[in-house]
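K.L.:
Predicted model and sequence follow; I will ask about them next.
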Amino acid sequence: MHFDAQNLILKEATGSMGKTIRGLIFVVDDNIDTDQIIPAEYLTLVPSKPDEYEKLGSYALVGLPDRYGKFIAEGEMKTMYPIIVAGQNFGCGSSREHAPIALGAAGVEAVVAESYARIFFRNCTATGELYPWEVAIASVTILKPGKKLPWTLTKID
């Protein structure tokens, strides 16, 4: 893996076509749990209803401590960060499938983490909302949690 300070680019080899995601990143620590991703008070929203799906996304990561800053700007329904970079055990806690749905509805396309809670990883693939990229390098030791920077990460086979 290669890091530079311009954009975060993830390339997934899918035959001759790759998947590239560019944009600002939102960096968080280890052990971000599903209660921080989408607090229980918002689980009454029904993601299959378009207006409630959008509203669910507007609450993504509202359970994070204030030191991270706002993931979604005041008055907005979507985030400006299509990529979340995390440490180990992202998505731990309860098995709610609303967690990856809320992130996808917020505009997140990928989470890049050292490891994931098994159920969160499974819910990502089952819902198809976002792709959970796993990296061996300790991204959060290179990037400081709470930083919102453009970066480049290219997956090289």
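P.N.:
Right, received. Where do you want to start?

K.L.:
which residues of the chain score low on pLDDT?
P.N.:
For the chain, residues meeting the criterion pLDDT under 70 lie at 1-20, 137-157.

K.L.:
OK, contacts around residue 32?
P.N.:
Shown in contact with residue 32 (CB atoms under 8 Å, 6 or more residues apart in numbering): 64, 86, 89, 90, 91, 92. Placement of C-beta: from N, CA and C, glycine included.

K.L.:
Tell me the one of these nearest residue 33?
P.N.:
residue 92 (4.9 Å; CB to CB).

K.L.:
Tally up the residues packed near the closest residue to that closest one other than its chain neighbours, please.
P.N.:
Closest residue to residue 92 apart from its sequence neighbours, by CB to CB, 6 or more residues apart in numbering: residue 117 at 4.1 Å. Residues lying near residue 117 (other CB atoms under 10 Å) number 22.

K.L.:
mind checking how far residue 117 is from residue 124?
P.N.:
Using CB to CB, to the nearest Å, residue 117 is found at 10 Å from residue 124.

K.L.:
repeat for residue 59
P.N.:
Applying CB to CB, the value for residue 59 to residue 124 is 18 Å.

K.L.:
the more surrounded of the two?
P.N.:
Using other CB under 10 Å as the criterion, residue 59 and residue 124 rank with residue 124 on top: 24 against 21.

K.L.:
so residue 111 sits in a strand?
P.N.:
Yes. Assessed with DSSP: H, G, I helix; E, B strand; the rest coil, residue 111 lies in a strand.

K.L.:
partner residues bridging it?
P.N.:
On the basis of DSSP bridges, residue 111 is bridged to residue 84, residue 132.

K.L.:
Any idea how far apart the tips of stretch 79-90 sit?
P.N.:
With CA to CA, to the nearest Å as the measure, the ends of stretch 79-90 fall 19 Å from one another.

K.L.:
i'd like the first residue to be 43 from this point on
P.N.:
With the count now opening at 43, the last piece we talked about shows up as stretch 121-132.

K.L.:
Run through the strands of this protein in chain order.
P.N.:
44-46, 52-56, 59-63, 67-69, 125-128, 152-155, 173-176, 194-196 (DSSP state E).
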